[in-house]
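Trainee: Let me see the structure of the following:
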Amino acid sequence: MNWDQWGPGNLSNHKPVSTPKKVAAARGLVIEDADTGFTGAVTRIEKSGGVHLVVLEGRRGATRSFPLGFGFTIDGQPIELLPPAQRTKPQQTRTASGSRAVGAQRAQVAKASRIWVEGVHDAELVEKIWGDDLRVEGIVVEPLHGIDDLAGAITSFKPSPKRRLAVLLDHLVSGSKEDHIATEAMRVSGAQDNVLIVGHPYVDIWQAVKPELIGIQAWPKIPRGEDWKTGMLARLGLPNQTAEDIGLGWKKILSRVNSFVDLESTLLGRVEHMIDFVTVHE
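Mentor: This next block holds a predicted model:
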């Protein structure tokens, strides 16, 4: 072998082979398969037999699949085609209630203080909007399933400065049945300083959801004596004959609610007041 022909002089004139550029297979990227000359735009990535394939669509609509990796060029320059870059979901900085999110902080152990609401639907709505805040504070929301003996329930709860209670009532307007029940309940021993009863003017918590959210200008008026939920679902054109119908109807409404902006301000202020009340001494 003539070693001279591989001497420094020749090596100095030799151009090293460049490493192909790494390129992610983004939809619409136009590339060429070096072996076949087929040129097309990336339409999707699929998996077949454990191998990731890129599907290219040519100018006339023809499609062909090729294994990801080496063997492709862009404008004549060799590339290594990689899977699409994974999109990272931006970290949420606000909860559904508009409060500042606290990241991965664990929920606190439940405290003795409680928030009571009239029923399951009320509890689900409060949980959806204020659930993150309440878990951080260690406050549990419980449905009452009826308020006729609210005074007795408060007596059994035994409110105290370290065991505060906030109650949210539907249709709490002057002179209503709910108004009389609330007045009587506040006469319970220990209630004056440790129990807060607030309410909204709506017949049902459903009306706290802004009507435009479900495609109507205003919630229909249901005549006195007609079951409110049944009548409401009938006027919305939804099934309304069974308890299951009622539950599914509420789920459809609740699914449209994503944050505090989807609720009437009347309810927002009441719930924020309740949370402040049961956490102020914690």
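Trainee: Roughly how far does residue 76 sit from residue 43?
Mentor: Computed as CB to CB, to the nearest Å, the residue 76 to residue 43 distance reads 22 Å. Placement of C-beta: from N, CA and C, glycine included.
Trainee: tell me the phi and psi of the nearest residue to residue 139 once chain neighbours are set aside?
Mentor: Once flanking residues are discounted, residue 139 sits nearest to residue 278: 5.6 Å by CB to CB, 6 or more residues apart in numbering. Here is the backbone geometry of residue 278 (degrees, to the nearest 10): phi -80, psi -10.
Trainee: So what sits opposite residue 44 in the bridge?
Mentor: Listed beta-bridge partners, residue 44: residue 55 (assigned using DSSP bridges).
Trainee: okay, it: pLDDT?
Mentor: The per-residue pLDDT reported for residue 44 equals 87.
Trainee: from what I can see it touches residue 55, true?
Mentor: Yes - the pair residue 44 / residue 55 is scored as a contact, 5.1 Å apart, by CB atoms under 8 Å.
Trainee: In terms of pLDDT, where does residue 60 sit?
Mentor: With respect to pLDDT, residue 60 has a value of 76.
Trainee: One more: residue 186?
Mentor: The model's pLDDT for residue 186 equals 94.
Trainee: Repeat that for residue 12.
Mentor: On the pLDDT scale, residue 12 gets 41.
Trainee: Please apply the same query to residue 227.
Mentor: 95.
Trainee: From residue 127, how far out is it?
Mentor: Taken as CB to CB, the span from residue 227 to residue 127 is 25 Å.
Trainee: Neighbour count for those two, which is higher?
Mentor: With neighbours defined as other CB atoms under 10 Å, residue 227 and residue 127 compare such that residue 127 has more, 15 against 12.
Trainee: is it true that residue 120 touches residue 141?
Mentor: No - checked against CB under 8 Å, the pair residue 120 and residue 141 is beyond contact range at 10.6 Å.
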